[in-house]
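Colleague: sharing a sequence plus its predicted fold:
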Amino acid sequence: MGSGKITKIIEISRIYSKFAPVLYTTMDLFTSEKSLNTRLSISREQGNSLGLVPTMGALHKGHLSLVEQALRENKTVVVSIFVNPTQFNNPQDLVQYPQQLATDIALLRTISEDLLVFTPTTQEMYPEGLNTKTYSFNGLDRRWEGSDRPGHFMGVGTIVEKLFTLVRPSRAYFGQKDFQQLAIIRALVRLKSLPITIVGCPIIREPHGLAMSSRNERLKPQEREEASVIYEALQKAVNDATAKKPIGDITQAAVKKIQAVEGAAVFYFEFVNTHTLEPIKTLTNPKNTRIITAVDFKGVRLLDNIGL
């Protein structure tokens, strides 16, 4: 589906959301594990491949690209919409997270009416309270986002394992924008020996380059355009690395470029090993290198990354 068509779909979905009660009656919507499992048992009996797209709602083109790929590769696709409280170390961040279920449902319906949409309550997913499991991710969870947001990846691991256990998908789809999260989920699958293929999907960007994120909803249109400096800095870093400039000089210049924009503060801008996410000081294997960054942009935490 072309970018222009998706943009039009998002616009009309906001209008459709007024008629959410009508729309809900034409799409398989589940709010309990029991009801979803009953429906999934039919798919399993038929031998259908199952795809899962976990989301926290506030859907955008990036989410739609995951859903579309899942539909191409699976007979049955489940889209979960659940704002997971245990992965927010900052309570205010949870309060401010955009929630627009009616619009999300309307938007998904324009993609396919055959989707199974799971919208559980917090009580449904955490019947015994907001407790998280403890995982050993071999250090993946202790740096970058894990360092700045203590407990974040334990919350991510807990909810994703719950969804994997419930749905038992053949494949699960995640965007590469949250690159560290993608690495954590792959580590979770290995740790639990789960027979699930994790599919990392390309970052979808706004016309000016900003990586699409539900958090972008908190920025004004002009601020989104200004935030494109993050992608510009990543692109320049790739070019500088190709020109064999020292990594230290590259990252220093990138941070300076981003922070030249009013309201931007860089948490980190680093070259890392694609698999371990350990920092790289000397570029020896470009194909195994990722540049990752997190920026506080006018009070909104924005993540982005790029390969070499």
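Modeller: All right, it came through fine.

Colleague: buried residues, the biggest helix by length in the chain. List them.
Modeller: Ranked by number of residues, the top helix in the chain under DSSP state H is helix 152-167. Using 16 or more other CB atoms under 10 Å as the test for burial, helix 152-167 gives 152-164, 166-167. To be clear about C-beta, it is placed using only N, CA and C from the backbone, and glycine gets the same treatment.

Colleague: again, but for stretch 249-267
Modeller: 250, 251, 253, 254, 255, 257, 258, 259, 261, 264, 266, 267.

Colleague: and the residues you listed, which is closest to residue 57?
Modeller: Within those, proximity to residue 57 (CB to CB) peaks at residue 267, which comes in at 24.6 Å.

Colleague: quick one: residue 160 from residue 107, how far?
Modeller: Counting by CB to CB, to the nearest Å, the separation of residue 160 from residue 107 is 23 Å.

Colleague: just to revisit the earlier point, tell me the one of the buried residues of helix 152-167 nearest residue 133?
Modeller: Closest to residue 133, out of all of the buried residues of helix 152-167 and judged by CB to CB, is residue 158, at 4.9 Å.

Colleague: C-terminal to the helix or strand of the chain with the lowest mean pLDDT, what's the next element?
Modeller: Least confident element among the helices and strands of the chain, by mean pLDDT, DSSP states H and E: helix 20-24 (a mean of 41). Going down the chain from helix 20-24, the next helix or strand is strand 28-30, by DSSP states H and E.

Colleague: what strands line up against that next one, and which way round?
Modeller: When pairs are called by DSSP bridges, strand 28-30 turns out to pair with strand 116-118 (parallel).

Colleague: may I have whichever helix or strand comes after the strand it pairs with exported as PDB, CA atoms only?
Modeller: Per DSSP H and E, the first helix or strand lying C-terminal to strand 116-118 is helix 122-125. Once non-C-alpha atoms are left out, helix 122-125 reads as follows in PDB (Å, rounded to 0.1, in the frame of the first residue of the first chain):
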ATOM      1  CA  THR A 122      -4.800  -4.300  32.900                       C
ATOM      2  CA  GLN A 123      -6.800  -6.600  35.200                       C
ATOM      3  CA  GLU A 124      -7.000  -9.200  32.500                       C
ATOM      4  CA  MET A 125      -3.200  -9.100  31.800                       C
END
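
Colleague: just give the nearest non-adjacent residue to residue 66, would you?
Modeller: Spatial nearest neighbour of residue 66, excluding adjacent residues (CB to CB, 6 or more residues apart in numbering): residue 173 at 4.3 Å.

Colleague: and the helix or strand that contains that neighbour, average pLDDT?
Modeller: Taking DSSP H and E as the definition, residue 173 sits inside strand 171-175. Averaging pLDDT along strand 171-175 gives 98.

Colleague: chain center to it, what's the gap?
Modeller: Relative to its parent chain, strand 171-175 has a centroid offset of 9 Å by CA atoms, centre = their mean, to the nearest Å.

Colleague: likewise stretch 61-72?
Modeller: With CA atoms, centre = their mean, you get 12 Å for stretch 61-72.

Colleague: equivalent analysis for stretch 64-74, please.
Modeller: Its chain's C-alpha centre and that of stretch 64-74 lie 15 Å apart, by CA atoms, centre = their mean.

Colleague: got it, and stretch 38-54?
Modeller: Per CA atoms, centre = their mean, the centroid offset for stretch 38-54 relative to its chain is 23 Å.

Colleague: also stretch 238-256?
Modeller: The answer for stretch 238-256 is 27 Å, by CA atoms, centre = their mean.

Colleague: done for today, thanks.
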